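Visitor: Build the 3D model from these lines:
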Amino acid sequence: MRIGIVGMGALGTVFAEALRGVSEVRTARREDAPPLALADVDVVFSAVKTYDAVSALQALRGIVRADVPIVALQNGVEQVAHVNAALGSSRAVILAPTTEGAARDASGTILRTGRGTTILGWAAQRLGPFDLAALVELLRRAGFDAREASPIEPHVWAKLVANAAINPITALARQPNGYVAENPAARALAVALAREAAAVAVAEGFALPFDDAGEHALGVARESAANRSSMLQDVERGRPTEIDALNGAVVRRGRARGVATPENLRMVDEVRRLVKA
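Guide: Got it, this is the predicted structure:
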């Protein structure tokens, strides 16, 4: 299986290096325009930030075959919309929420900071002629804890619930994930953020894979206690954050469904002010 990876930041690099041991991997960086190395791949992993997803995927037009599915590793719940905008609504899409941890150290070296779980599944109404089970097995051989799930959307929302609770708090406090579970004020805020996000998911018709959203988010924070969230890393490096794709998406979708999300809105405002400061 020939695997293409778009986006060679921390997460993309972790997947590329692991998969090279079991398959042929071809990569495309921002400067690879057009990304001709991906012309004959069988599947493409999209590992760019949410705000770069559409432009990165648009670069694949006329290069990647029409039957090649996109595996979306992005945060948030708008991955299918990104593919639609870039490649059209007929492209097969595999959603792949992952809790793998990766970071770039002070020297620029990318490290795998935490081993998590990667769940893969066809997005609703976007099934393709690709052997997803074979890809899952390949990821396992590469050392990932990978499994297949259908429907996949509840798991995508489960990741958003945790990210919406953990990422802005860690970014604002400049603390690793464990702070969210250890500090009383942070813990209470995380529970409120998670429960608001879960209420929006339920309003959209999804049955989430946990009983209590707050405990789910705190459990993720404890399991990844030493990790520095992607939003914290972006703030530390002076880069744009994914606040609009995380808490912003909760707020937008909550408004559309009549679900109040005041704490998520407050996080959006505070992170935006932090980034502009």
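Visitor: shaky segments in the chain?
Guide: Scanning the chain for pLDDT under 70 picks out 277.
Visitor: how far away is the residue nearest the centre of it from Ala162?
Guide: Nearest to the mean C-alpha position of the chain, by C-alpha atoms, centre = their mean, lies Asn75 at 2.5 Å. Applying C-beta to C-beta, to the nearest Å, one obtains 10 Å for the distance of Asn75 from Ala162. Using the backbone N, CA and C atoms, a C-beta is placed for each residue, glycine as well.
Visitor: circling back to that earlier point, the residue nearest to the centre of the chain against Asp244, yeah?
Guide: No - in this structure, Asn75 is not within contact of Asp244 by C-beta atoms under 8 Å, at 10.8 Å.
Visitor: one step back: the residue nearest to the centre of the chain sits in which helix or strand?
Guide: Assigned by DSSP states H and E, Asn75 belongs to neither a helix nor a strand.
Visitor: again with Trp157
Guide: Short version, using DSSP H and E: Trp157 is in helix 153-173.
Visitor: Now the element after that helix, going C-ward?
Guide: helix 178-182.
Visitor: Now do the buried residues in that following helix.
Guide: Gly178, Tyr179, Val180, Ala181 (16 or more other C-beta atoms under 10 Å).
Visitor: go on, stretch 150-163?
Guide: Applying 16+ other C-beta under 10 Å to stretch 150-163 flags Ile152, Glu153, Pro154, His155, Val156, Trp157, Ala158, Lys159, Leu160, Val161, Ala162, Asn163 as buried.
Visitor: I'd like to know which of the residues you listed is nearest to Arg257.
Guide: Nearest to Arg257 among those: Trp157, at 13.1 Å, using C-beta to C-beta.
Visitor: what's the spacing between the closest one and Arg126?
Guide: Relative to Arg126, Trp157 is positioned 17 Å away (C-beta to C-beta).
Visitor: all strands for the stretch 101-250 of the chain, in order.
Guide: Counting by DSSP state E, counting those that start in this stretch, the stretch 101-250 of the chain has these strands, from start to end: 101-104, 110-114, 117-122, 145-148.
Visitor: closest to Ile63 out of these?
Guide: strand 117-122 (23.0 Å).
Visitor: Would you confirm that Lys159 contacts Thr99?
Guide: Yes - using C-beta under 8 Å, Lys159 is in contact with Thr99, at 7.2 Å.
Visitor: Endpoints of stretch 231-243, how far apart?
Guide: Taking C-alpha to C-alpha, to the nearest Å, the first and last residues of stretch 231-243 lie 8 Å apart.
Visitor: Show residues contacting that stretch.
Guide: Residues from elsewhere that reach stretch 231-243, judged by C-beta atoms under 8 Å, 6 or more residues apart in numbering: 10, 49-51, 75-76, 103-104, 167-168, 170-171, 174-176, 228, 230, 246, 267-268, 271-272, 274-275.
Visitor: So how do I select the buried members of those residues in ChimeraX?
Guide: Buried residues within the contacts of stretch 231-243, by 16+ other C-beta under 10 Å, are selected in ChimeraX with:
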select :10,49,50,75,76,103,167,168,170,171,175,176,228,230,246,267,268,271,275
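Visitor: For the closest residue to Ala33 other than its chain neighbours, grab the count of nearby residues.
Guide: Closest residue to Ala33 apart from its sequence neighbours, by C-beta to C-beta, 6 or more residues apart in numbering: Ala59 at 6.1 Å. Around Ala59 there are 18 other residues, counting by other C-beta atoms under 10 Å.
Visitor: ok, now how distant is Ala59 from Gly4?
Guide: As for Ala59, its distance to Gly4 is 12 Å (criterion: C-beta to C-beta).
Visitor: Any chance you could list residues touching both of the two?
Guide: Ala28, Pro35.
Visitor: What is the neighbour count of Leu11?
Guide: By the criterion of other C-beta under 10 Å, Leu11 has 25 neighbours.
Visitor: So Asn247 sits against Asp269, correct?
Guide: No - using C-beta under 8 Å as the test, Asn247 is too far from Asp269 to be in contact (9.6 Å).
Visitor: out of the two, which sits in the busier spot?
Guide: Shown here are Asn247 and Asp269; by other C-beta under 10 Å, Asn247 has more neighbours (32 against 13).
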